[in-house]
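Student: Structure for the following, please:
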Amino acid sequence: MPLGLRRTPAIVDAVLIATFNINNINRRLPNLLEWLGERKPDVACLQELKADQASFPEKELSKAGYRAVWVGQPTWNGVAILARGVEPILTRTALPGDPADKQARYVEAAVNGVLIACLYAPNGNPWPGPKFDYKLAWLKRLRLHATELRKSGAPIVLAGDYNVVPTELDIYPSKSYADNALVQPESRAAFKRLVGRSWTDAIRSLHPDERIYTFWDYKRLRWPRDAGLRLDHVLLSAPAAKRLAGAGVDKSVRGRDNASDHAPVWVKLR
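Tutor: Numbers count the residues shown, from 1 in each chain. Predicted structure coming up:
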């Protein structure tokens, strides 16, 4: 049975936290609302809103039972944190370390005692070049900020589209991505340094040997061929990792009409 569709034992007093690169929130709002109604995550981190601050569909999400904080940007980027039935307490709207960086790639909020960071890391293509240098610098800033967050001792979730394929197990057998920023040794090393010994990759923690994907490009029939990549990750601080009770990918969402090229990733915390 596909990952994310497996039956898991009933978990009492669990919180469900998900991340979903929606790839244009207004264009795919029906898809998002359908998934929210089915999965009912307590927290949902969204990336690639592709909408400015005023165009975010706050009213529609509120009708579905979700309150939100978001950082919009027209055409590209944009991130949001949705919380079911409660107001997320906004703590940060940008990744620190570079005041000149105005790209909408990071938002942070507290929800029911858990600090949630929603992130959309730079793609980095074309490689090599300035965009790749920005990607590596951004991931370094994320690592430094994550270290400061971890020192608080709070349960912390870093969820989003990292635009990194951590290992060969996280990509279908292919040479077509050899010159892509997503798989370069420097990208993988930056992700490995971020995870280090202090953070838990939730999916890999529970499914160490499975070939798992979260993204299937629209081109070259990659979805029908299951030619995917694992780009979307949920990292947990030690206090959060101790509460990890389940993790998976809602793969079937990718196969629906007007779907994003990503599928939602979720974790259950006791």
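Student: How about Arg254: what's its closest non-neighbour residue?
Tutor: Nearest non-adjacent residue to Arg254, counting by C-beta to C-beta, 6 or more residues apart in numbering: Ala263, 4.3 Å away. Just so you know, the C-beta spots here come from the backbone N, C-alpha and C atoms, and that holds for glycine as well.
Student: ok, that neighbour to Leu269 distance?
Tutor: Distance, Ala263 to Leu269, using C-beta to C-beta, to the nearest Å: 20 Å.
Student: Could you do Lys140 as well?
Tutor: Distance from Lys140 to Leu269, by C-beta to C-beta: 28 Å.
Student: Pick out whichever of these two has more residues nearby.
Tutor: Taking neighbours as other C-beta atoms under 10 Å, Lys140 and Leu269 compare with Leu269 leading, 25 against 14.
Student: Could you pull up phi and psi at that one?
Tutor: phi -110, psi 130 (degrees, to the nearest 10).
Student: That one contacts Pro239, doesn't it?
Tutor: No. With contact defined as C-beta atoms under 8 Å, Leu269 does not reach Pro239; the gap is 9.9 Å.
Student: Name the residues contacting each of the two.
Tutor: Residues within reach of Leu269 and of Pro239 at once, by C-beta atoms under 8 Å, 6 or more residues apart in numbering, are Pro155.
Student: Quick check: bridge partners of the most centrally placed residue in the chain?
Tutor: What sits nearest the mean C-alpha location of the chain, by C-alpha atoms, centre = their mean, is Gly160, with 1.8 Å. Under the criterion DSSP bridges, Gly160 forms beta bridges with Leu119, His233.
Student: Quick check, pLDDT for it.
Tutor: We have a pLDDT of 99 for Gly160.
Student: residues contacting it?
Tutor: Thr19, Asn21, Cys45, Gln47, Val79, Ala117, Cys118, Leu119, Tyr120, Ala121, Asp232, His233.
Student: What helices and strands are in contact with the one helix or strand Lys192 maps to?
Tutor: In this assignment (DSSP states H and E), Lys192 forms part of helix 185-195. Other helices and strands packing on helix 185-195, by 3 or more C-beta pairs under 8 Å, 6 or more residues apart in numbering; DSSP states H and E, are helix 130-150.
Student: Show me which residues of the helix it packs on are buried.
Tutor: Judged by neighbour count (16 or more other C-beta atoms under 10 Å), helix 130-150 contains these buried residues: 132, 134-136, 138-139, 141-143, 145-146, 149-150.
Student: do the same with stretch 233-245
Tutor: Here stretch 233-245 shows His233, Val234, Leu235, Leu236, Ser237, Ala240, Ala241, Leu244, Ala245 as buried, counting by 16+ other C-beta under 10 Å.
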